[in-house]
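Enquirer: I would like to see how this sequence folds:
(one chain, ligands or ions: 1)
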Amino acid sequence: MSTDRRVVALTGGVGGAKLAHGLYRRLPPGALACIVNTGDDFRHLDLHVSPDIDTLIYTLGGVENPATGWGRRDETWTFMAVLEQLGGPDWFRLGDGDLAFHVERTRRLTAGERLTEVTDHLRRGLGVSAAVLPMADAPVRTIVHTVDAGTLTFQEYFVRHRAQPRVRALEYEGADHAEPPPEVVAALADPGLAAVVLCPSNPLLSVAPLLAVAGMRALLAACRAPVVAVSPLIGGAAVKGPTAKVMDELGIARTPEAIAEGYRGVIDALVIDPSDAASRDRCGLPVLVTPTLMDSTARREALADEVLDFAATLGRG
Ligand code: FO1
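Expert: Modelled structure (predicted):
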């Protein structure tokens, strides 16, 4: 990897945070900006919880929980134990250290700061040198319409119902009226941008809300750097989470060509795992075949290098 130019990563949950971490470790300090899904955000116990933002900050800050991917390592759970004892809502688990993030975020939002400003404060608190940029300051909420459990907010679907109900349709409420914050506009308009990386997050639950924000697609179309997506599929399956299940339920084939089709008009190229190499010539755009499983820091870094080197071979417009 040899770039001293800047990179933007678009990311959602745990899989996206892993590649963002690889990029973060391979790029010079300050060279990475991450635009993060906030469709999973919700109000819980009167606190503003931003799971994907926190997953990213914890991962880049080296304090993520390696077992779950979300929350903090070496967490204590006194708050939850007492809440349970009192009969409070215990379906969404907030660790003691994690709780401080939600309390401080909520306090600052209530005092009038934008989510972008609050997030910047939180990432600095953990010594993270990458910019962590919410996709919007205004609320955008992923709503899951299910066959068997009605209409659910994302966290009700994902955590409370363990992603079990059958998905009928997805909605990104508020996306039409939200707009990318000025910091996102500036990051994508940066003349020194070398690459935009669409991380291997769930295309429907994590990336689609990002692309649904009014103006986001136009910003990506106008940016000078190539946009490269990394497929979240490995051998037609997802590493973790309900990606494969939701794709099946919505009638989307679990193939790289379906991923490429879904991102048509947004991406210039796609990175796929060798186990999906048979699809290489069916994607209709440049494809790099390289191992995408990120089960160690070394593999996160290796994939980051591959993606950046691949992007450097792609021209734009
Ligand atoms: N995911 C769970 O499956 N169960 C939980 O209790 C849970 C709590 C939680 C608390 C803070 C946080 O930032 C994330 C949390 N998550 C939990 C993950 C969260 O649902 C994410 O939205 C998903 O991982 C999808 O990205």
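
Enquirer: Which residues of the stretch 51-200 of the chain lie near the ligand?
Expert: Contact residues (Cβ under 6 Å from any ligand atom) of the stretch 51-200 of the chain with the ligand: 51-52, 54-55, 70-71, 92-94, 98, 155, 158-159. Bear in mind the C-beta positions are built from the backbone N, C-alpha and C, glycine included.

Enquirer: Which member of those residues is positioned nearest His44?
Expert: The closest of those to His44 turns out to be Phe92 (Cβ to Cβ; 5.6 Å).

Enquirer: I figured the closest one hits Phe158, correct?
Expert: No - the pair Phe92 / Phe158 is not scored as a contact, 9.7 Å apart, by Cβ atoms under 8 Å.

Enquirer: State the three-state secondary structure for Leu10.
Expert: Assigned state for Leu10: strand (three-state reduction, DSSP: H, G, I helix; E, B strand; the rest coil).

Enquirer: May I have the predicted confidence score for it?
Expert: pLDDT, Leu10: 98.

Enquirer: quick one: it and the ligand, what's the gap?
Expert: As judged by Cβ to the nearest ligand atom, to the nearest Å, Leu10 and the ligand stand 14 Å apart.

Enquirer: now do Ala149
Expert: Ala149 is 16 Å from the ligand, by Cβ to the nearest ligand atom.

Enquirer: Check the burial of that residue by counting its neighbours.
Expert: Per other Cβ atoms under 10 Å, the neighbour tally for Ala149 reads 16.

Enquirer: Please, which helix or strand holds the closest residue to it other than its chain neighbours?
Expert: In space, and not counting its chain neighbours, Ala149 is closest to Pro165: 3.9 Å by Cβ to Cβ, 6 or more residues apart in numbering. Assessed by DSSP states H and E, Pro165 sits outside every helix and strand.

Enquirer: Compute the number of surrounding residues for Pro165.
Expert: 18.

Enquirer: cool, and Ala189?
Expert: 12.

Enquirer: Over to Val147?
Expert: So Val147, with other Cβ under 10 Å, has 11 neighbours.

Enquirer: ok, now Asp90?
Expert: Neighbourhood size, Asp90 [other Cβ under 10 Å]: 13.

Enquirer: Isn't it up against Val82?
Expert: No - applying Cβ under 8 Å as the test, Asp90 and Val82 come out as separate, 10.4 Å apart.

Enquirer: higher neighbour count, Phe92 and Phe158?
Expert: Phe158 (20 against 16).

Enquirer: so that one makes contact with Val246?
Expert: No - using Cβ under 8 Å, Phe158 is not in contact with Val246, being 10.3 Å away.

Enquirer: From Pro209, how far out is whichever residue of the chain sits closest to the ligand?
Expert: Of the chain, the residue with the smallest distance to the ligand, taken as Cβ to the nearest ligand atom, is Gly13 at 2.8 Å. Relative to Pro209, Gly13 is positioned 11 Å away (Cβ to Cβ, to the nearest Å).
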